[in-house]
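1. Could you look at this predicted model? Sequence included:
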Amino acid sequence: MIQYFIGILIILAIYGIVISRVDSGRCFRYEYIIKTIIISGIYILWFGIGIFIIHFRVFLIPQFFFMLNILVLPIIVFHDLKYTIQRFYDLNLSGWYILLKLIPILYIFVTLYLFIKKGNRQLNDYDKAINYKKLFKNRHCINISEKTLVFDEEEYPYECYMDRITIKVSKYKKDNVFTEYLFTNYQVKETGIYKEIEFPKEELNIIISALNLVVISNSFYVKIKDYEVFIRKEDFRYTIVLEKDENKLTKELYDTFDFPGTYYEDEQYIYYNKIYKGDLQLWAKNVA
């Protein structure tokens, strides 16, 4: 009895670790079906090889195959769980619903549900943007959240209070074009291990313009020509999403942006989907 209890705890711990690591990102229905077929094929092939090796007792290979299992199987299992969790995210459900697949009677029904149920195109709690830094690879990016400012890969404590902005730069960080600009153009106050730079809120736009930075909000929206745009990966290609309430949508907008992909809209959003990577990169280079 105690062995079963320990086994359940181990399974819950494994699932909990995977869910904590896969905390966002959606796997859309078509993509999930394809990836599930591939993973299933890998499982069948891998266990087929194992049965062949054990049955024919290939010299020294069983021991090698056992060691290889320790390395390979966790990777396969992780991706299997990851895609299933992200499929639940596509349906705006918690990743913990994956535990339903551990119940023999429910397993078939849950699997069919994940294969059949179509997710909503609208942005949900688990949507994840692409890596904008890679998309705008020839530009510096500034990612602004509530308490943190990230310039490319460097993170700085950030505070916006009233009409003033304070940025803290560690004395031990290597300088870059962003910090050099701050040190050159604004007064620096040393406090402990930090150099503090304070300036009026409107000055941030001047810094962004002077350094030609790509502005990202909370690692989610990218700001292009005063419009907030969200870009995600969807069914092996890419989708550009514009929220109608956040953007004043005019004919000039469409003429200026010349969006690639297939147009679709609903009450809240405008979508341009089925965009190939090369077309997205070309678009980003032209409009930004």
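-> Done, it's in. Numbers count the residues shown, from 1 in each chain.
2. Could you chop the protein up by domain?
-> 2-116, 141-212, 220-288 (automatic domain parsing).
3. Between those domains, which one is closest to Y132.
-> domain 220-288 (4.9 Å; C-beta to C-beta). Glycine gets a C-beta too; all of them are placed from N, C-alpha and C.
4. Distance from the closest one to the middle of the chain?
-> Relative to the mean C-alpha coordinate of its chain, domain 220-288 is positioned 17 Å out (C-alpha atoms, centre = their mean, to the nearest Å).
5. In CSV: the domains of the chain, plus mean pLDDT.
-> As requested, the domains of the chain are exported to CSV (pLDDT from 0 to 100):
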stretch, mean pLDDT
domain 2-116, 86
domain 141-212, 90
domain 220-288, 87
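6. okay if I get the ones you listed as TSV plus distance to N124 and mean neighbour count?
-> Shown next, in TSV, are the domains of the chain (distance: least, C-beta to C-beta, whole Å; neighbours: other C-beta atoms under 10 Å):
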stretch	distance to N124	mean neighbour count
domain 2-116	4	14
domain 141-212	20	14
domain 220-288	11	16
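7. quick one, which of the ones you listed is nearest to A129?
-> Comparing those under C-beta to C-beta, the one sitting nearest is domain 220-288, at 5.2 Å.
8. can you give me the helices for the protein?
-> Per DSSP state H, the chain carries helices over the ranges 2-21, 29-56, 61-90, 104-116, 132-135, 177-185, 203-211, 251-257, 277-287.
9. Next, format those helices as a markdown table and append distance to D125.
-> Formatted as a markdown table, those follow (distance: least, C-beta to C-beta, whole Å):
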| stretch | distance to D125 |
| --- | --- |
| helix 2-21 | 14 |
| helix 29-56 | 18 |
| helix 61-90 | 8 |
| helix 104-116 | 18 |
| helix 132-135 | 20 |
| helix 177-185 | 32 |
| helix 203-211 | 29 |
| helix 251-257 | 27 |
| helix 277-287 | 24 |
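10. Compare the ones you listed and give me the one nearest I197.
-> That would be helix 177-185 among these, by C-beta to C-beta, at 4.7 Å.
11. what residues does that closest one touch?
-> When contacts are defined by C-beta atoms under 8 Å, 6 or more residues apart in numbering, helix 177-185 is touched by residues 140, 142, 151, 154, 167, 169, 173, 175, 188, 195, 197, 207, 210-211.
12. Just the C-alphas of it, formatted as CSV.
-> Provided in CSV are the C-alpha atoms of helix 177-185 (Å, rounded to 0.1, in the frame of the first residue of the first chain):
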residue,chain,number,x,y,z
VAL,A,177,25.1,51.4,-25.2
PHE,A,178,22.1,51.9,-22.9
THR,A,179,24.0,52.5,-19.6
GLU,A,180,26.6,54.6,-21.4
TYR,A,181,23.9,56.8,-22.7
LEU,A,182,22.3,57.1,-19.2
PHE,A,183,25.7,57.9,-17.6
THR,A,184,26.5,60.5,-20.2
ASN,A,185,23.2,62.3,-20.3
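13. From the chain's centroid, how far away is that helix?
-> 30 Å.
14. What angle do helix 203-211 and it make with each other?
-> 120 degrees (axes from the mean of the first three to the mean of the last three C-alpha atoms, to 10 degrees).
15. so how far is Y186 from E198?
-> According to C-beta to C-beta, to the nearest Å, E198 stands 7 Å off from Y186.
16. And for A284?
-> Separation of A284 from Y186 (C-beta to C-beta) stands at 31 Å.
17. One more: F47?
-> Distance from F47 to Y186, by C-beta to C-beta: 63 Å.
18. What of N124?
-> 40 Å.
19. cool, and I70?
-> 54 Å.
20. Let's check: the centremost residue of the protein is which one?
-> K128 (4.1 Å; C-alpha atoms, centre = their mean).
21. List the contacts of that residue.
-> K128 sits in contact with 24-26, 232, where contact means C-beta under 8 Å, 6+ apart.
22. again, but for C141
-> C141 neighbours (C-beta under 8 Å, 6+ apart): 132-133, 150-152, 213-216.
23. Return the closest of the residues you listed with respect to M1.
-> Among those, and counting by C-beta to C-beta, the member closest to M1 is V150, at 50.6 Å.
24. Would you check that T239 makes contact with L280?
-> No: at 9.6 Å, T239 does not count as touching L280 under the criterion of C-beta atoms under 8 Å.
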